[in-house]
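Peer 1: Got a predicted structure here, sequence first:
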Amino acid sequence: MTIRVLIVDDQMMVREGFSVLLNAMPDIEVVGEAVDGRGAVEQVAALNPDVVLMDIRMPELNGIEATREIVAADAAAKVLVLTTFDLDEYVYQALRAGASGFLLKDASARQLAEGVRVVASGEALLAPTVTRRLITEFTKLVDVPRAPSLSQVGDLTERETEVLVLIAQGLSNAEIASRLVVAESTIKTHVSRVLVKLGLRDRTQAAVFAYETGLVRPG
């Protein structure tokens, strides 16, 4: 099935470059472009893309606010944030707003396409290896993690809580299955139940939840 992508960036060269790279992939189609966050929100509603490549710093409406509006509208699109620096202070804010991950703008064509596929599938936290370090760094920028709320975490079984912790550590389903010595299909079931019980969109939001509730500590 073809992954439909919307590219949002105020720089024409970036939009055109990413469009050329992604359209060269047999399983990816760029269905639209937007020059700012407001246009992104409107295009998501009109085009219903699977993935939105979202720049953060834009006029009219920045990428963080646009992401928040897209998520609030309950759009099916997954937001993949574009950033120039891997320690961009706004990346974690974007993840908190509902983005499913981030990608550096200097990513190769292979990394770009794989990042789109990963976010579209919801299978892994994010492809870039710096993601785990970034999650740790950016959680230090927010308030000191509080103790997990029993009303939120208490609905999870012991095994589901264990799976949530491993998701937050950046492990894939296959890696979690290997760690817990169970079938990967069993882990997929646990992950689905965790997301449903906590009312979360995807694995990235599950990781953010685990850090912000204090279930997992940075470092």
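Peer 2: Sure thing, it's come through. Nothing here was measured: the structure is a model prediction, and the numbers come from that model. Numbers count the residues shown, from 1 in each chain.

Peer 1: Show me the shaky parts of the protein.
Peer 2: 85-89, 123-152, 218-219 (pLDDT under 70).

Peer 1: list the buried ones in the helix or strand hosting Gly39?
Peer 2: Secondary structure assignment for Gly39, by DSSP states H and E: helix 37-47. Buried residues in helix 37-47, defined by neighbour count with 16 or more other Cβ atoms under 10 Å: Gly37, Arg38, Gly39, Ala40, Val41, Gln43, Val44. (Each C-beta comes from the backbone N, C-alpha and C, glycine too.)

Peer 1: Which other helices and strands does the helix or strand following it contact?
Peer 2: Moving toward the C-terminus from helix 37-47, the next helix or strand (DSSP H and E) is strand 51-55. Applying 3 or more Cβ pairs under 8 Å, 6 or more residues apart in numbering; DSSP states H and E, one finds that strand 51-55 contacts strand 3-8, helix 37-47, helix 63-72, strand 78-83, helix 109-121.

Peer 1: okay if I get those as CSV plus distance to Asn173?
Peer 2: Output for these, formatted as CSV (distance: least, Cβ to Cβ, whole Å):
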stretch, distance to Asn173
strand 3-8, 20
helix 37-47, 28
helix 63-72, 23
strand 78-83, 17
helix 109-121, 11
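
Peer 1: Leu215: which of those is closest?
Peer 2: For the helices and strands packed on strand 51-55, proximity to Leu215 was assessed by Cβ to Cβ; helix 63-72 is nearest, at 21.7 Å.

Peer 1: Determine the angle, from 0 to 180 degrees, between that closest one and strand 78-83.
Peer 2: Interaxial angle of helix 63-72 relative to strand 78-83 (axes from the mean of the first three to the mean of the last three Cα atoms, to 10 degrees): 180 degrees.
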